[in-house]
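got a predicted structure plus its sequence, pasted below:
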Amino acid sequence: ILNVEQSPQSLHVQEGDSTNFTCSFPSSNFYALHWYRWETAKSPEALFVMTLNGDEKKKGRISATLNTKEGYSYLYIKGSQPEDSATYLCAFNSNYQLIWGAGTKLIIKP
Amino acid sequence: KAGVTQTPRYLIKTRGQQVTLSCSPISGHRSVSWYQQTPGQGLQFLFEYFSETQRNKGNFPGRFSGRQFSNSRSEMNVSTLELGDSALYLCASSLDGQGAVEQYFGPGTRLTVT
């Protein structure tokens, strides 16, 4: 059974601080790794889709890295802002389906 | 470009009834995936459709079924509802459902079974 693990489950970060969290996924038969942000009362929104080992993607203050050989990805947020409060989900692609982690709930304290 | 729409947004049903949920993908998107989200659980994959064909199905009982029409709109049906079916049901569309393509989610249908 393919499993995607995210840690930590939740995180409280002071506004202005930087933070990161982890997504672990099966290292065999890798195709793509997705990161999504899910804000309360909204729909999940894609942040990154990563396919290459060593890939690093960036969108504003948010960036992600990918290690397909060891099966992990990190998401970094630099200088956290209140609008970054959300649940961050990662998903591993397998056979036309995405297998999702349970998410990391990020709360930014003003 | 209009986003993914789902109807209805909220639904209350009783045990034993059946329900049909609808999803209209972004124009031009041919792949529609359905997910169930319950409290404390991640998104659980139900099924994926592309060009009216189900390409993959998650680990759900046969009471959960779906279909896709020629205009890429999709419906999912749950028969003989159980209390445990209470959840948020999300659909997501993408161009072709291939793994390296991002998915666009609808607002979801909140189903409550009493």
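Arrived safely, thanks for sending.

CA atoms for contacts and neighbours, from now on please.
OK.

spell out which residues of chain A are next to chain B.
Residues of chain A that fall close to chain B, judged by CA under 8 Å from any CA of the partner chain: A:31-34, A:42-46, A:48-51, A:93-103.

the residues you listed, buried ones only, as a PyMOL selection?
Per 16 or more other CA atoms under 10 Å in any protein chain shown, the buried members of those correspond to this PyMOL selection:
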select buried, chain A and resi 31+32+33+34+43+44+45+46+48+49+50+51+93+94+96+97+98+99+100+101+102+103
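
so which of the residues of chain A next to chain B belong to strands?
Using DSSP state E, the members of those that fall within strands are A:33-34, A:45-46, A:48-50, A:93-94, A:97-100.

list the contacts of A:Ser27.
By CA atoms under 8 Å, 6 or more residues apart in numbering or on different chains, the contact list for A:Ser27 reads A:68-71.

okay, A:Lys69 and chain B: tell me how far apart.
18 Å (CA to the nearest CA, to the nearest Å).

who in chain B is up against chain A?
B:33, B:40-45, B:47-48, B:55-56, B:97-108.

make a ChimeraX selection of the buried ones in these.
Provided next is the ChimeraX selection string for whichever of the residues of chain B next to chain A are buried by 16+ other CA under 10 Å:
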select /B:33,42,43,44,45,47,48,55,56,97,98,99,100,101,102,103,104,105,106,107,108
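
where's the residue in chain A that chain B sits nearest to relative to A:Leu47, distance?
Across chain A, no residue is closer to chain B than A:Ala102, which sits at 4.1 Å (CA to the nearest CA). Distance, A:Ala102 to A:Leu47, using CA to CA, to the nearest Å: 16 Å.

and what of A:Cys90?
Note on A:Cys90: its distance to A:Leu47, by CA to CA, is 10 Å.

comparing the two, which residue is more hemmed in?
A:Cys90 (31 against 20; other CA atoms under 10 Å in any protein chain shown).

in chain B, what spans have low per-residue confidence?
Scanning chain B with the threshold set as pLDDT under 70 gives B:1.

from B:Val19, how far out is the residue of it found nearest chain A?
For chain B, the residue closest to chain A is B:Gly42, as judged by CA to the nearest CA, at 4.1 Å. Separation of B:Gly42 from B:Val19 (CA to CA): 22 Å.

do the same with B:Met76
Distance from B:Met76 to B:Val19, by CA to CA: 8 Å.

with B:Gln44 instead?
Taken as CA to CA, the span from B:Gln44 to B:Val19 is 19 Å.

isn't A:Thr22 up against A:Gly71?
No. A:Thr22 is beyond contact range of A:Gly71, at 10.5 Å (criterion: CA atoms under 8 Å).

noted, bye for now.
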